[in-house]
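Participant: with the sequence up front, the predicted model follows.
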Amino acid sequence: MSKVISIAHPNFALIKYWGKADLKSNTPAMSSISLTIDTLSSTTKISKNRQTNENIWILNGKKQEQMRQLDPTLEYLNRISNYTSGCIIESNNNFPTSAGLASSASGIASLVTAYDRLFGLNLKLDSLVQASILGSGSAPRSLLGGFVILDAEIGLNCETICQPEDWPLSVLICITDYKEKTISSREGMEISRKTSPLYKSWLDSNKKDIQTAKAAIDEKSFNNLGEVAEKNCYKMLEVMKSSDPSINYLSKQTIDCINKVRKIRDKGVDLFYTLDAGPQLKIICKPEDKETIKRDLEKHPSVLSLVEANIGFGARVINES
Ligand code: DP6
């Protein structure tokens, strides 16, 4: 086989990872629960570099000067495959990169999936998780579809806890800004770990939030899930804010959107929302309410565009030759 193309989708955490247990292995200090979406995707083509030992990474058509984010993942996989030469990696995102839409998670998950097939490794999930985590702590969750847990308590076990078809919720993403973030999640969470007076209680509350969210997903209780997800999100935002220097990824437009979305909820529409390291607002709702929410948000001046998604599937190979 000379080239493989794979696809993976971003995932949004409902119970967040913000802080590492170990920098070198990039191990999250806490468990997280996410949902993988469809529509947005990263596609990665990988082939062996027959000319040189160099790894080449072309992202959205642009050759990257730095391989830093991919190197640990490639080194891990090369050790398993005994490959000492380079690879050519071409990744494309059909959505804004590094803007709080989890492009690194889908990018890394698609790369690991494509590499595994190109070298015929057939790795077990725990090795795919290890390879992905070295690139991004949230990336293993994009290997899988539906609601996914990445459990830091039990050896970084990653599994789907509810399949997309078992609870088909809808997701609406309000894009409020296309700019790349100025401070990466990696930098931001290290600042928080070292300086936020709230970091310890954030860490201590993780187990309970995970249990509550898991129970809500088991029972398919939309309200319970929404409640714990929003509380968890705001706790993360407080940890960011109380860091030194204080970290804020939200813009005025994000706040405008939040206010609008709360008004829609006050009218009796079931929805909840979450935010990550960026200004985009992600709304989770029932499919039957999607059109009503869309209509209310479409013309809002702070919404540059509205992306619709459903719960999606995990990373997979789409072409090989
Ligand atoms: C706010 O996985 O991007 O989206 O491991 O340093 O690459 P690194 O960080 P990353 O952080 C994700 C942070 C978050 C919350 C989450 O997705 O759990």
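Facilitator: That came in fine, so what should we check first?
Participant: use CA for all of it now, contacts and neighbours both
Facilitator: Fine.
Participant: touching stretch 305-321 from outside, list them.
Facilitator: 1-9, 35-40, 109-110, 113-114, 117, 142-146, 164, 168-176, 294, 298 (CA atoms under 8 Å, 6 or more residues apart in numbering).
Participant: so which of those belong to strands?
Facilitator: Among the contacts of stretch 305-321, the members found in strands (DSSP state E) are 3-8, 35-36, 170-175.
Participant: which pair in those spans the largest distance?
Facilitator: Pairwise distances across the ones in strands among the contacts of stretch 305-321 (CA to CA) peak at 35.5 Å, for the pair 3 and 174.
Participant: looking at these two, which is more packed in?
Facilitator: Using other CA atoms under 10 Å as the criterion, residue 3 and residue 174 rank with residue 174 on top: 26 against 18.
Participant: beta-bridge partners for the more buried one, please?
Facilitator: residue 281, residue 306 (DSSP bridges).
Participant: and if you look at residue 33?
Facilitator: Using DSSP bridges, the bridge partners assigned to residue 33 are residue 15, residue 149.
Participant: that one - how many residues pack around it?
Facilitator: 27.
Participant: my guess is it contacts residue 140, does it?
Facilitator: No. Taking CA atoms under 8 Å as the definition, residue 33 is not a contact partner of residue 140, at 11.3 Å.
Participant: which parts of the stretch 1-150 of the chain are helices?
Facilitator: 71-81, 103-118, 125-133 (DSSP state H, counting those that start in this stretch).
Participant: quick check: which of the ones you listed is buried the most?
Facilitator: Burial of the helices of the stretch 1-150 of the chain is given as mean neighbour count (mean count of other CA atoms under 10 Å); helix 103-118 ranks first at a mean of 28.
Participant: for that helix, packing partners?
Facilitator: Other helices and strands packing on helix 103-118, by 3 or more CA pairs under 8 Å, 6 or more residues apart in numbering; DSSP states H and E, are strand 3-8, strand 42-49, strand 86-93, helix 125-133, strand 316-320.
Participant: give me whichever of those is most buried.
Facilitator: strand 3-8 (a mean of 25).
Participant: and the contacts of it?
Facilitator: 41-48, 106-107, 109-111, 113-115, 117-118, 142-143, 314-321.
Participant: for stretch 119-139, same thing?
Facilitator: Against stretch 119-139 from outside (CA under 8 Å, 6+ apart): 11, 17, 25-28, 69-74, 76-77, 81, 104-106, 108-109, 112-113, 116, 140, 143, 156-158.
Participant: filter the residues you listed by proximity to the ligand?
Facilitator: Residues of the contacts of stretch 119-139 in contact with the ligand (CA under 6 Å from any ligand atom): residue 17.
Participant: between strand 32-36 and the longest helix anywhere in the chain, find me the angle.
Facilitator: Assignment by DSSP state H gives helix 222-241 as the longest helix of the chain. Angle of helix 222-241 versus strand 32-36, following axes from the mean of the first three to the mean of the last three CA atoms, to 10 degrees, is 110 degrees.
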